[in-house]
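J.: after the sequence you'll find the predicted model.
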Amino acid sequence: MKRILKLLAVLFIVVGSLTACASKPKVIEDLKVLFVPSKDAATIIAQTEPLKQLLIDALAEKGFEVEKVTIDVTSSYEAAGEALAAGTAHVGFIPANTYVLYSEDGVEVILAATRAGLNKDSANAKDWNDGLPTTGDSTNQVSYYRSIALAGTSDYAQALLAKVNAGTELTWEDVNGATWCHSSTTSASGYVYPTIWLMDKFDKKITDLAKHYKVEAGYGQTAADLASGACDIGVGYADFRRDYEAKWTTSTTDGGFGRTESVWTETGVLFVTEGVMNDTISVSPANEDMSDKLIKALQEAFIEIAQTEAGKGAIAIYSHEGYKVVTDADYEATRKAAEVLSGN
């Protein structure tokens, strides 16, 4: 009996020791979070300050004792990618194209920022052409936005729109016969993704078009040129008509475009591109603290933080409204975009 009692005592000590070890939190001395310099660095640091304690508290609930959170704004987008690749930081808020560039060096995407989607999101252009406004839908949080090609008011543009609405695919001759207006070559929705569409459909680029020009005054000029008929096909982000809806029917003497009908009835969508992915939260597997468990904890923590008032205020600096778990496979279109930007 004494022997059994001794064995039970030893077993109790062992189990107790294992339980204590299992419950002991993983200590991270300094969790380093990087932001890219898309805005003034001092403004980013000030607005994201609440993230420090929010992360400490959220990760504590998931078995990580974070002693300190350091938030820095890098000198460039590339500097953020290089730091994550080298393992000198844990987490980076970086754009999709920066992630793709440094994914080859081991950087891993764990979340994409979400924003309110639209009431129309079909890949079929015809579905957008019901004559009704495209509106925001805050209940539908999405991790991307689309680029569209709009047919303007010219006779040629309207003939192309009629083909699309009849369910007839556009040919290279159709699109090459139009005058295109587009943004600079680095604009995702105003140049890069429409170029990808042309490459996928016809193995052509915007530079191969017979008639195209870069607008110098932003999407306002694109809308104005579509209204006047100077441009047959204008490309831009999916809801850019919302920004010029009022101006469309305002008289030219009052600074408008002078049309008499709604922009939603006078223009129409000719094609819709793949999604342009929003900013990422990416991590550094090269950092000695990083593990699958920490990645999962960070994913859960950022999603939870974005649902709090303090968290919403902190991430609003980048117009983020929430986060969604994503994988590298979600960034194939972004890789195509990177090839376009590199001239390949």
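T.: Sure thing, it's come through.
J.: every contact and neighbour count from this point should use C-alpha atoms.
T.: Will do.
J.: excluding chain neighbours, what is closest to residue 247?
T.: The shortest distance from residue 247 to any non-neighbouring residue, by C-alpha to C-alpha, 6 or more residues apart in numbering, is to residue 256 (4.7 Å).
J.: same question for residue 273.
T.: Distance criterion C-alpha to C-alpha, 6+ apart; nearest residue to residue 273, sequence neighbours excluded, is residue 147 at 5.3 Å.
J.: quick check: phi and psi on that neighbour?
T.: When read as degrees, to the nearest 10, the backbone of residue 147 gives phi -110, psi 150.
J.: max-length strand in the protein?
T.: Of all segments of type strand in the chain, defined using DSSP state E, the longest is strand 108-118.
J.: any idea which helix or strand comes after that one?
T.: Using DSSP states H and E, the helix or strand that follows strand 108-118 towards the C-terminus is strand 136-142.
J.: chain center to whichever helix or strand comes after that following strand, what's the gap?
T.: If you walk from strand 136-142 toward the C-terminus, the next helix or strand you reach (DSSP H and E) is strand 144-145. Relative to the chain's own centre, strand 144-145 is displaced by 6 Å; criterion: C-alpha atoms, centre = their mean, to the nearest Å.
J.: listing partners with orientation, what would you give for strand 144-145?
T.: As defined by DSSP bridges, the strand partners of strand 144-145 come to strand 276-277 (antiparallel).
J.: what's the spacing between the residue nearest to residue 273 and residue 183?
T.: Relative to residue 183, residue 147 is positioned 12 Å away (C-alpha to C-alpha, to the nearest Å).
J.: joint contacts of the two?
T.: The contact sets of residue 147 and residue 183 overlap at 190, 235, 236 (C-alpha atoms under 8 Å, 6 or more residues apart in numbering).
J.: can I get the residues you listed in JSON lines with secondary structure?
T.: Converted to JSON lines, these look like this (DSSP: H, G, I helix; E, B strand; the rest coil):
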{"residue": "190", "secondary structure": "helix"}
{"residue": "235", "secondary structure": "strand"}
{"residue": "236", "secondary structure": "strand"}
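J.: buried sites along stretch 102-118?
T.: 102-103, 105-118 (16 or more other C-alpha atoms under 10 Å).
J.: same thing with stretch 126-135?
T.: Buried residues in stretch 126-135, counting neighbours by 16+ other C-alpha under 10 Å, are found at 126, 128, 129, 133, 134.
J.: quick one: end-to-end length of that stretch, please.
T.: From the first residue to the last, stretch 126-135 extends over 17 Å; the measure is C-alpha to C-alpha.
J.: then stretch 272-283?
T.: Between the opening and closing residues of stretch 272-283 there is a gap of 31 Å (C-alpha to C-alpha).
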